[in-house]
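**Q** Need a 3D model of the sequence below.
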Amino acid sequence: MSRPTPTPQPSLLERWGRLSHRRRGWVILCWAVALVALVALARTFGGSFEDDFKLPGSEAQKGLDLLKSRFPARAGDASDLVFQAPGGVETPAVRQRIDALLADIATVPGVVSVESPYSQPSYVSLDGTIARGVVHWDRLGVNLPHSAINQFLKLTDATNGGGLRVEAGGRAVQAVEQPQFGSEIVGLLAAVVILFFAFGSVAAMGLPIGAALFGIGSGVAAVILLGSVYTFPGFTSQFVLMIGIGVGIDYSLIVVTRYREGLHTGHSIEDSVAMAVATSGRAVIFAGSVVAIAFFGLWAMGLPFIAAVGTASAIVVAAAVLVALTLIPALLSLIGRQIDRLHVPFLHTREGVDPASGWYRLSRAIQRRPLPYAIAGTGLLLLIAAPVLSLEMGFTDAGNKPSSYHSRRAYDLLADGFGKGFNGPLSTVLDLAHGSTDSVTAVSNAIAATPGVAAVAPPVLNPTGDTAIILAYPATSPQDPATRALAHRLREEVLPAATASTGARPYLSGGVAASIDIEDRIGERMPFLFVGVIGLSFLLLMAVFRSVAIPIKAALMNLLSIGAAYGTIVAVFQWGWGADLLGVEPGPVEVFLPMMFFAILFGLSMDYEVFLIARIREYYVVSGDNAEAVANGLAATARVITAAAAIMVAVFLAFLLGEDRIVKEVGLGLATAIFFDATVVRLVLVPATMELLGDANWWLPRWLDRVLPHLHLEGPVQVEQPLTAPAGGQ
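**A** Coordinates of the predicted model:
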């Protein structure tokens, strides 16, 4: 007599789904209390976001730290004051106005001292029509109160006119010219429209958006609260809002879609909630884990401010995952079958696998000729990524800003009067604690004799005579590769030779040197970021899907979509293709963008990979038919993935409406990668390559299967109806 087959025990996620259905009121109440408590705590004990761009261990940072301790009057930023008078800046009337302006600026809070254009001959151009003054602040520009900088700019603007042009530039001025990120509202409006047309129901559209806002609110409040003991850069709030909108809608959307499918296939509300949490909830957990890994990977860069942004982003992602797994099921249970209320005729309202749908037919068409599609899709992405082979990374400066900015106008005027290098001096800080002040002149002369140095300002000593500053002006612009080469020559050859027998210790510091140090640090650490994030993601996916081919394919395809983003950025912002249409000037790609792109895009691309492959595997486990599983998986998820991707693309493209070049780089790069990932990669390359591999997609060596942990959280769902939707989604 055969024994009855034991009933499989429900998984943890399924049990939670049923509990959230039966205790939905308590779940919603707990979330409301938690959000209110987090906001209240953040307002009471939260810290403020401050820009603290330190680079521990770098030569530029050592020089700055030395100035802070021994020469605080020169440890802050310096702003350029550039004057132009066609009749000559030496005329009595012009000189009187300039002197009056300098006296007023000296009273601005935070100003330590003001150097007059008439204090040394080198501050007046050869033709006598352009002169420069220097305003020294008591701290770095990013840490100055905006009210003080705005007061400074108001004084300069009031002096303009009547035969005298006055422009103000430098890092302090650029600090108040940072663009405002208003695209979050545009992104939410785009999400409303896209989800409405994708689902045809006001209720189904509103739930993911409301949940995303809930996750963003709690995540940002948690970041602000953590800011009381940890320093986050000033742009953190805008960055995490961008990430929060994307992943918050994505994760909630996948759970809502699976719930609707359960209802449309005849399941009860409780079973539909349990099914959504046990299946789509698993995909959300692993997708969020991969995104968090990508953001925490930014710690490998050795840049504290970048690591802080990664940490804040991971917190917001975790909040989005928690909302999708806890609040969304409770809300779905509360709304029940009213999820399809207020639907619009002729718009899509059904979920499931429909063999007559365009997505199913597309998959079958690709599977009939997988090799040509695989070659065409890969070739297209490689072609778009090709410009990355000539990638030049660096820091853009005020010369790449719009002409409406004070700093850009001062930059151009200073370059016209004195040369491009005057916009980016190289500052040599001499530690004379164990050396003689006699060495200062020798070091200054050695710097002046170095090829590529256009001029050297007279050395300045601190009151105790144990620290000196020597400013050298390159003959080339700050972002010119020749300036970088000059900085390395000074560090590696000129300064060591000039101070070898003096006991003085030189540090090449200042804004340009710090930028070069950051470039070098990123170049050294980028391989660690790539290997760490890809390696950990590979192991996680291999444990989840019990496959070697799936994680390899996922990593390669994600790199293809990221490469397409890199190639697009190089073509537009470095080569200048279509730059006029975007209102930007060609220049190097910001050195930190490839790193940030990789962390963001690898995580978001893996979201779509996990959503799609999890559904394909679900069908494969039931049927054992790889081709049918791929077609069903694509048909069930393609609309959700494309809707989520369309929202992200709309959010990122909205950045192109601003003026700032960096913001436009971010917008175009992210939008390009998401677009190609959701179309070419997910809709073409995935079905093509999985058809070519067949059952090899799911191969895993036995020894590896024994070693890897089993991370299958979903388990069989105890429902009366099968998971597979019948034809037509009914």
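
**Q** mind listing the strands for the stretch 451-600 of the chain?
**A** 453-456, 460-461, 467-474, 505-509, 589-590 (DSSP state E, counting those that start in this stretch).

**Q** partner strands of the fourth one, parallel or antiparallel?
**A** Yep, that's strand 505-509 we're talking about. strand 426-431 (antiparallel) (DSSP bridges).

**Q** pLDDT weak spots in the stretch 151-300 of the chain?
**A** Applying pLDDT under 70 to the stretch 151-300 of the chain flags residues 178-184, 186-188, 198-200, 234-235.

**Q** hang on, the earlier thing: pick out the shakiest of the strands of the stretch 451-600 of the chain, pLDDT-wise.
**A** For the strands of the stretch 451-600 of the chain, the weakest mean pLDDT is recorded on strand 589-590, namely a mean of 86.

**Q** Remind me what that one packs against, helices and strands.
**A** Under the contact criterion of 3 or more Cβ pairs under 8 Å, 6 or more residues apart in numbering; DSSP states H and E, strand 589-590 touches strand 393-394, helix 661-676. Heads up, the C-betas are built off the backbone N, CA and C, glycines and all.

**Q** Can you tell me what sits against it?
**A** Identification of contacts with strand 589-590 by Cβ atoms under 8 Å, 6 or more residues apart in numbering yields 391-396, 569-570, 573-574, 662, 665.

**Q** quick one: least confident of the residues you listed?
**A** Lowest pLDDT among the contacts of strand 589-590: T396, 73.

**Q** helix/strand/coil for that residue?
**A** coil (DSSP: H, G, I helix; E, B strand; the rest coil).

**Q** What about the residue nearest to it when sequence neighbours are not counted, how many residues nearby?
**A** Nearest residue to T396 in three dimensions, chain neighbours excluded: G587, at 5.0 Å (Cβ to Cβ, 6 or more residues apart in numbering). G587 is flanked by 20 other residues according to other Cβ atoms under 10 Å.

**Q** same deal with Y251?
**A** Other residues close to Y251 by other Cβ under 10 Å number 33.

**Q** how close does it get to D77?
**A** 42 Å (Cβ to Cβ, to the nearest Å).

**Q** Kindly report the same for I516.
**A** Distance of I516 to D77, computed by Cβ to Cβ: 17 Å.

**Q** Looking at the two, which is more packed in?
**A** I516 (26 against 23).

**Q** For the protein, name the helix or strand with the lowest mean pLDDT.
**A** Lowest by mean pLDDT, DSSP states H and E among the helices and strands of the chain is helix 183-199, with a mean of 71.

**Q** what's downstream of it, the next helix or strand?
**A** helix 202-226 (DSSP states H and E).

**Q** List the contacts of stretch 401-408.
**A** 153, 156, 167-170, 173-174, 177, 398-399, 409, 411-412, 583, 659-661.

**Q** in it, what's buried?
**A** By neighbour count with 16 or more other Cβ atoms under 10 Å, stretch 401-408 contains the buried residues 401-402, 405-408.

**Q** thought A646 was touching F196?
**A** No. If you go by Cβ atoms under 8 Å, A646 and F196 don't touch, sitting 11.9 Å apart.

**Q** and those two? which has more neighbours close in?
**A** More crowded of A646 and F196, by other Cβ under 10 Å: A646, with 20 against 17.

**Q** Below-threshold pLDDT in the protein: ranges please.
**A** 1-10, 48-53, 178-184, 186-188, 198-200, 234-235, 342-354, 356, 711-730.

**Q** rerun that using 50 as the cut-off
**A** For the chain, applying pLDDT under 50 flags the ranges 1-5, 346-347, 349, 713-716, 720-730.

**Q** Point to the residue nearest the middle of the protein.
**A** For the chain, the residue nearest the mean C-alpha position is M596 (4.6 Å; Cα atoms, centre = their mean).

**Q** how much distance is there from stretch 67-81 to the middle of the chain?
**A** Its chain's C-alpha centre and that of stretch 67-81 lie 30 Å apart, by Cα atoms, centre = their mean, to the nearest Å.

**Q** before we move on, the earlier item: so which of the helices and strands packed on strand 589-590 is nearest P474?
**A** strand 393-394 (14.1 Å; Cβ to Cβ).

**Q** Check which helices and strands the closest one is in contact with.
**A** Where contact means 3+ Cβ pairs under 8 Å, 6+ apart, strand 393-394 is packed against helix 511-545, strand 589-590.

**Q** What pairs with it, parallel or antiparallel?
**A** strand 589-590 (parallel).

**Q** ok so, going back, out of the buried residues of stretch 401-408, which comes closest to R368?
**A** Comparing the buried residues of stretch 401-408 against R368 with Cβ to Cβ places P402 closest, at 51.5 Å.

**Q** which phi and psi does the closest one have?
**A** Phi and psi for P402, reported as degrees, to the nearest 10, are phi -60, psi 150.

**Q** roughly how far is the helix or strand harbouring Q151 from the heart of the chain?
**A** Taking DSSP H and E as the definition, one finds Q151 inside helix 146-159. Distance of helix 146-159 from the chain centroid (Cα atoms, centre = their mean) equals 32 Å.

**Q** Which elements pack onto it?
**A** If contacts are counted by 3+ Cβ pairs under 8 Å, 6+ apart, helix 146-159 sits against helix 92-105, strand 165-169, helix 171-175.

**Q** so which of these comes closest to R337?
**A** Judging the helices and strands packed on helix 146-159 by Cβ to Cβ, what sits closest to R337 is helix 171-175, at 54.0 Å.

**Q** Put the alpha carbons of that closest one into PDB.
**A** What follows is helix 171-175, C-alpha atoms only, in PDB (Å, rounded to 0.1, in the frame of the first residue of the first chain):
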ATOM      1  CA  ARG A 171      34.500  77.100  -6.700                       C
ATOM      2  CA  ALA A 172      32.600  79.200  -4.100                       C
ATOM      3  CA  VAL A 173      30.600  80.800  -6.800                       C
ATOM      4  CA  GLN A 174      29.900  77.500  -8.500                       C
ATOM      5  CA  ALA A 175      28.600  76.100  -5.200                       C
END
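
**Q** How about residues contacting stretch 133-144?
**A** Contacts for stretch 133-144 (Cβ under 8 Å, 6+ apart): 50-53, 72-81, 83, 98, 102, 105, 110-117, 123, 149, 152, 168, 170-175, 234.

**Q** Next, the distance between the ends of that stretch.
**A** Using Cα to Cα, to the nearest Å, the end-to-end distance of stretch 133-144 comes to 20 Å.

**Q** N626 is in contact with D695, correct?
**A** Yes. The pair D695 / N626 is scored as a contact, 5.5 Å apart, by Cβ under 8 Å.

**Q** Return the set of buried residues in stretch 87-99.
**A** By neighbour count with 16+ other Cβ under 10 Å, stretch 87-99 contains the buried residues 89, 94-95, 97-98.

**Q** Kindly report the same for stretch 323-343.
**A** Buried-residue list, stretch 323-343, by 16+ other Cβ under 10 Å: 323-333, 335-336, 339-340, 343.

**Q** again with stretch 542-554
**A** 542-551, 553-554.

**Q** Please apply the same query to stretch 609-626.
**A** Buried residues in stretch 609-626, counted by 16+ other Cβ under 10 Å: 609-620, 626.

**Q** Just the buried ones among the contacts of stretch 133-144, please.
**A** For the contacts of stretch 133-144, buried by 16+ other Cβ under 10 Å: 51, 74-81, 83, 98, 102, 105, 110-112, 114-115, 117, 123, 149, 152, 168, 170-175, 234.

**Q** Need the residues that contact the helix holding Q151.
**A** Contacts for helix 146-159 (Cβ under 8 Å, 6+ apart): 79, 81, 97, 100-101, 104-105, 108-111, 135, 141, 166-168, 172-173, 175-176, 406.

**Q** Go again with 6 Å.
**A** With contacts defined as Cβ atoms under 6 Å, 6 or more residues apart in numbering, helix 146-159 is touched by 101, 104-105, 108-110, 166, 168, 172, 176.
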